[in-house]
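Student: show me how the following folds:
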Amino acid sequence: MIVRGGWCLAAALVLSGCADMSNGLADRLATLGSSPDATNEGIRTLAVLDGAVRVRGPDGYCIDQGASDASRGFAIMAGCALVSDEAVVIPNPDGLIMVQFGAEGTASVTGNEDAFAAFLRSESGRGVLSSAGDLAQVPQVATVTDRAGVLARFEDTAGPAFEGTSGPQWRGFLDVGSRLTTVSVLSFDRNPLSASAGERLLVVAMAQLAEVNAQPQPDL
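Tutor: Predicted coordinates:
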């Protein structure tokens, strides 16, 4: 029970980080693509938390630096054509990806995948997944354990996470070093993701995150 409580706290802390960021993201997402410091080709990799960890998106996805907060370990990614005026790449599948790194010492997925998935399906877990902290807003959670980590699919009836998105959300949990990390995939109103496409995008995003952080850090 102590360990499960630790998972709950760790997951809640990571997810609350996403919630805190969302307060200012709604307006910034409305201008997605206007970031003045993006290159013409878009930026695919970004060091966050003073270079402790890195974010890299799947092929065709670039980081929106104006909507991200590297100092808090938060990054948001979308198709490169959306975040760079001159880039033309629209990925398939086309969704919105968010990454939030937890604090050091919060890692709790590796070796405990099945129990972590069970927690997400529990009332406590559903409350953590709800943007309003109300488990009634997340009536059901489907989970998959994968070598990449734990994947969850759910719908938050409290409303869309951000303007322009709707429908189910896909969220992955994995350990990056000593940090519990979440990867969220949202579906655009203009091009809703199927269940299989959303899951596939989440798996690829998690794999890219694990791979880029397994590589040696470049000398500064």
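
Student: wouldn't residue 126 be in contact with residue 133 here?
Tutor: No. Look at residue 126 against residue 133 with C-beta atoms under 8 Å: they stay out of range, at 10.0 Å. C-betas here are computed from N, CA, C, even on glycine.

Student: of those two, who's got more company?
Tutor: Comparing residue 126 with residue 133 by other C-beta atoms under 10 Å, the one with more neighbours is residue 126, at 22 against 14.

Student: need the contact list for that one.
Tutor: When the contact criterion is C-beta atoms under 8 Å, 6 or more residues apart in numbering, the partners of residue 126 are 120, 135, 138, 139, 141, 154.

Student: same thing with residue 183?
Tutor: Residue 183 is in contact with 97, 98, 99, 171, 172, 174, 202, 205, 206, 209, counting by C-beta under 8 Å, 6+ apart.

Student: same question for residue 79.
Tutor: With contact taken as C-beta under 8 Å, 6+ apart, residue 79 is in contact with 60, 61, 62, 89, 90, 91, 94.

Student: for these, give me TSV that also has pLDDT, neighbour count and secondary structure.
Tutor: Rendered in TSV, the data for the contacts of residue 79 read as follows (pLDDT from 0 to 100; neighbours: other C-beta atoms under 10 Å; DSSP: H, G, I helix; E, B strand; the rest coil):
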residue	pLDDT	neighbour count	secondary structure
60	92	19	coil
61	94	25	strand
62	92	27	strand
89	72	15	coil
90	80	13	coil
91	87	21	coil
94	92	19	coil
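
Student: most widely separated two among the residues you listed?
Tutor: Farthest pair in these (C-beta to C-beta) is 62 and 94. Separation: 12.6 Å.

Student: can you tell me the centre-most residue of the protein?
Tutor: Centroid-nearest residue in the chain, with C-alpha atoms, centre = their mean: residue 183, separated by 2.4 Å.

Student: what about that residue, is that helix, strand or coil?
Tutor: Classification of residue 183 by DSSP: H, G, I helix; E, B strand; the rest coil places it in strand.

Student: which one is it nearest to, not counting chain neighbours?
Tutor: Computed as C-beta to C-beta, 6 or more residues apart in numbering, the closest residue to residue 183 that is not its neighbour in sequence is residue 172, at 4.3 Å.

Student: check contacts around the nearest residue to residue 101 once chain neighbours are set aside.
Tutor: The spatial neighbour of residue 101 that comes closest, neighbours along the chain excluded (C-beta to C-beta, 6+ apart), is residue 73 at 3.5 Å. Neighbouring residues of residue 73 by C-beta under 8 Å, 6+ apart: 17, 48, 49, 53, 100, 101, 102, 179.

Student: which of those residues fall in strands?
Tutor: Within the contacts of residue 73, membership in strands is found for 48, 53, 100, 101, 102, 179, as judged by DSSP state E.

Student: mind giving me the ChimeraX select for those, buried ones only?
Tutor: Isolation of the buried members of the ones in strands among the contacts of residue 73 (16 or more other C-beta atoms under 10 Å) is achieved in ChimeraX through the command below:
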select :48,53,100,101,102,179
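
Student: and the ones in strands among the contacts of residue 73, which is closest to residue 192?
Tutor: residue 100 (23.5 Å).

Student: what's the pLDDT at that closest one?
Tutor: As summarised for this prediction, residue 100 has a pLDDT of 97.

Student: that one pairs with what?
Tutor: With DSSP bridges as the criterion, the beta-bridge partners of residue 100 are residue 74, residue 182.
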